[in-house]
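Enquirer: What follows is a protein structure lacking sequence information:
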């Protein structure tokens, strides 16, 4: 049952991601639309890869897909930083302030990818699993990034004009992502890879888009 739920969740999230990519409101500012589309491409590639890993029987193909394993390290914090820009409602802040953070997240992802070795494991229920030699470090770095974003939210949440509901939504997403990461650190993950926190980040994308539709 858990296997069916996992692959249903992957397929549903993939379809939702494609729909969001195609249906971004024209009222959303162009630069924000571009960032959202870039982020959606990342998550679409990740979920196509995860689904493929589940159905293939080729060891070499699975190992070639190792870049998809940590794409959430770009997607989740990238979406949260974009959400901060939108929800803080700071007229002095420009959208270009998000770009350096995206560059940092991509850089961290690339460094971890280069310095990690990957091996295949055959799970009892889920088939092939990609195991990283630096798995604990990857989850730890991910949590540190999210805690940094959490502190930014706490610093700004009491300011006037901020979108408090949006910021509370971010806090929930951060909490779930951190909790899920710690579950994997202690070997208690529900699914083969963290996906629940990513889904909440995906809902934040929808919230961002709806902010400009209203």
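Expert: Done, it's in. Just so we're clear, the structure is a prediction, and the values are computed from it rather than from any experiment.

Enquirer: Output the below-cut-off pLDDT ranges for this structure.
Expert: Filtered on pLDDT under 70, the chain yields the residue ranges 57, 123-128, 214.

Enquirer: could you list every residue that touches the residue positioned nearest the centre of it?
Expert: The structure's the chain has its C-alpha centroid closest to residue 76; by C-alpha atoms, centre = their mean the separation is 2.9 Å. The neighbours of residue 76, taking C-beta atoms under 8 Å, 6 or more residues apart in numbering as the test, are 142, 146, 173, 177, 197-198, 201. Where C-beta positions appear, they are placed from N, C-alpha and C, glycine not excepted.

Enquirer: one more time with 6 Å
Expert: Contacts for residue 76 (C-beta atoms under 6 Å, 6 or more residues apart in numbering) come out as 177, 201.

Enquirer: any idea how far it lies from residue 94?
Expert: 23 Å (C-beta to C-beta, to the nearest Å).

Enquirer: try residue 62
Expert: Applying C-beta to C-beta, the value for residue 62 to residue 94 is 42 Å.

Enquirer: just residue 174 next, same as before
Expert: Distance, residue 174 to residue 94, using C-beta to C-beta: 24 Å.

Enquirer: Now do the strands in this protein.
Expert: 118-123, 127-132 (DSSP state E).

Enquirer: Just name the most buried of those strands.
Expert: Ranked by average neighbour count under the criterion mean count of other C-beta atoms under 10 Å, those are headed by strand 127-132 at a mean of 17.

Enquirer: Identify the spatial nearest neighbour of residue 164, chain neighbours not counted.
Expert: With sequence-adjacent residues excluded and distances taken as C-beta to C-beta, 6 or more residues apart in numbering, residue 164 is closest to residue 157, at 6.4 Å.

Enquirer: Surely that neighbour touches residue 167?
Expert: Yes: counting by C-beta atoms under 6 Å, residue 157 touches residue 167, with 5.1 Å between them.

Enquirer: quick one, which of the two is more surrounded?
Expert: More crowded of residue 157 and residue 167, by other C-beta atoms under 10 Å: residue 167, with 19 against 16.
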